[in-house]
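>>> Sequence plus the predicted model coming up.
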Amino acid sequence: MKRNILLAAALLLSLILVTACLPGGKQNQGPRKFEAEFIGLFDTLTRVMGYAENEEDFKAVVQGLKDDLEVYHRLYDIYDSYPDLVNIKTVNSMAGQGPVAVDRKIIDLLLYSKDAYQLTEGRVNIALGAVTKIWHRYRSEGVDDPASARLPKMELLEEAALHTRMDNLLIDPVKGTVELKDPKMSLDVGAIAKGYAVEQAARAAEERGVKHLLISVGGNVRAIGARNDQGEPWRVGIENPDYAADDYLAIVKADAVSVVTSGVYERFYMVGGKSYHHIIDPDTLFPENRYLSVSIVTPDSGLADVLSTALFNLDLEEGKKLIGSIEGTEALWCMPDGSLVESDGFADLTILD
Ligand code: ADP
Ligand code: MG
C-alpha cells in the first residue's frame, strides 16, 4: 500500500527538486547551501545537502548520484522487473534452476552479504526470504484491512525456515554467476542493499571530486567529508521513535561517516492491539520487542545498515560486544520504555544542545 503510493508519487515526481538558501543573507560570497529531494529510489525519499557556487554545479552532482543510485535500485530490486535486466528478482525466480549470469554489482552485494552473515553470526541473513515473504504478505494484508489482521502460523514459518540456508546461495565471482540451490529459497536484501548502494554511490561521487555532501536515502545517512573546508561537521539528527516528541534522540557530528537507524516505527502492523515490526529474529522467526530503534555510526554505510538490523536481533550485552569489536563504530539503543543506552564512545560523536 505504502509502496504503491510511493511508486505513484515517483512517476509524478522523479525529477530533482532543488532549493537554495543564502548564508547570512549575503549574496555572491562563496558557496551557497543547496538541498535536493527526489522520491522513488529504494521506495523512499532521498535528500541531498551541500554547498556549491551555483545551482547548475549542485544539480550536476545530485544527478550523478541519482543516476548511480538508480542503477543499484533496479539491480537490487526483489519486487519489480525491468525490461532486459537481470536483477535479484530474476535470481529469485530462477531458484533451483542452475546458475544465472548477473551484473558484477549483484555479485559484490551478495559476497558482502555473506560476510555480513558471518560477522553477525546469522542475525542478518539475506537467504531468509522464504520467511520474510510470509511476514511481508501478512503485514500488507493487515495494513490494508486492519480488522482482519492475523499472525502467520508457526508451522508455516517453520516450514519456510527450512529454506533459508546461506550455504545454498552459490556465488561464482570468476564466471559472474549466482545460483540458489534450493528451489524454495529466496533472497531478501532489504536489510543491506540500501546502505550498500548508498556507500557505493557516495564513493563514486568522491571519485568524481565531490568533497562535501550529505546524502540521506530514507534516513540512511552518509556524509561525504565534513560540511565545509574548515572541517565543521554535518549535524545529523537521530529520529525519535515517539512521533509526539519534537526533539531528536541525539545529534551526531558527522564527518565522513554514516548514521543509520532501524526502528519498529518504520514498517509494522497491529494484531490484537500488539505491534509487529519488520525485522525478523532468525531464532524465533518473529519480530522481537527488544528495542524501539537502534542507530549505528560508522564510516561505511553498508556496514551501518547491516549492524542496525543485526543489533535488533541481539540482546544488549551481545550487541555491545559486537559493536566493541568493530573499530570506529558506535551505537545508540532506544529501549521499549524510551530510555537510551549508548556504546562507550557514542557521546563523543554527539552535539550536546
Ligand atoms: P529498513 O528497510 O527500514 O532500512 P532494515 O535495514 O533494518 O530496515 O531492514 C529490514 C528489512 O530486511 C526487512 O524489511 C526485511 O525485508 C529484511 N529482514 C528482516 N529481518 C531480517 C533478517 N534477520 N536478516 C536479513 N534481512 C531481514
Ligand atoms: Mg539494515
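Right, received. Where do you want to start? As the structure is a prediction and not an experimental result, all values here were calculated from the model. Numbering: from 1, shown residues only. Ligands and ions are numbered 1, 2, ... in the order given.
>>> Surely residue 188 is in contact with residue 134?
No - under the criterion of CB atoms under 8 Å, residue 188 makes no contact with residue 134, lying 11.1 Å away. C-beta here means a position set from N, CA and C on the backbone, and glycine is covered the same way.
>>> who has more neighbours, the two?
Higher neighbour count among residue 188 and residue 134: residue 188, with 23 against 19, using other CB atoms under 10 Å.
>>> give the contact list for that one.
Shown in contact with residue 188 (CB atoms under 8 Å, 6 or more residues apart in numbering): 78, 126, 128-129, 132-133.
>>> just residue 311 next, same as before
Contacts of residue 311 (CB under 8 Å, 6+ apart): 262, 291, 294, 296, 319, 322-323, 331, 333.
>>> cutoff 10 Å now
120, 123-124, 262, 279, 290-291, 293-296, 318-320, 322-323, 331-333, 343 (CB atoms under 10 Å, 6 or more residues apart in numbering).
>>> The residue of the stretch 51-200 of the chain found nearest ligand 1: how many residues sit nearby?
Going by CB to the nearest ligand atom, ligand 1 is nearest to residue 190 of the stretch 51-200 of the chain, at 2.9 Å. Counted with other CB under 10 Å, residues neighbouring residue 190 total 22.
>>> Repeat that for residue 150.
Look at residue 150: counted by other CB under 10 Å, it has 11 neighbours.
>>> and this protein, which residues reach ligand 2?
Contact residues, the chain versus ligand 2 (CB under 5 Å from the ion): 191, 305, 308-309.
>>> Now secondary structure too, for these, in JSON lines please.
Converted to JSON lines, those look like this (DSSP: H, G, I helix; E, B strand; the rest coil):
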{"residue": "191", "secondary structure": "coil"}
{"residue": "305", "secondary structure": "helix"}
{"residue": "308", "secondary structure": "helix"}
{"residue": "309", "secondary structure": "helix"}
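>>> what two of those are the furthest from one another?
191 and 308 (8.4 Å; CB to CB).
>>> which residues do these two both contact?
Common neighbours of residue 191 and residue 308 (CB under 10 Å, 6+ apart) are 124, 262, 279.
>>> quick one on the thing from earlier: hmm, which of the contacts of residue 311 are the buried ones?
120, 123-124, 262, 279, 290-291, 293-296, 319-320, 322-323, 331-333, 343 (16 or more other CB atoms under 10 Å).
>>> neighbours around the closest residue to residue 223 other than its chain neighbours, how many?
Excluding the flanking residues, the one nearest residue 223 by CB to CB, 6 or more residues apart in numbering is residue 254, at 4.1 Å. Using other CB under 10 Å, residue 254 is surrounded by 21 other residues.
>>> Test for you: state the pLDDT assigned to whichever residue of the stretch 1-150 of the chain sits closest to ligand 2.
Taking CB to the ion as the measure, the stretch 1-150 of the chain has residue 124 as its residue closest to ligand 2, at 7.2 Å. At residue 124, the predicted lDDT confidence score is 98.
>>> Isn't it up against residue 309?
Yes - here residue 124 lies in contact with residue 309, judged by CB atoms under 10 Å, at a distance of 5.1 Å.
>>> Tell me the secondary structure at the residue nearest to residue 96 when sequence neighbours are not counted.
With CB to CB, 6+ apart as the criterion, residue 96 has its nearest non-adjacent residue at 2.6 Å, and that residue is residue 183. Three-state call for residue 183 (three-state DSSP): coil.
>>> Distance check, residue 183 against residue 98.
Separation of residue 183 from residue 98 (CB to CB, to the nearest Å): 11 Å.
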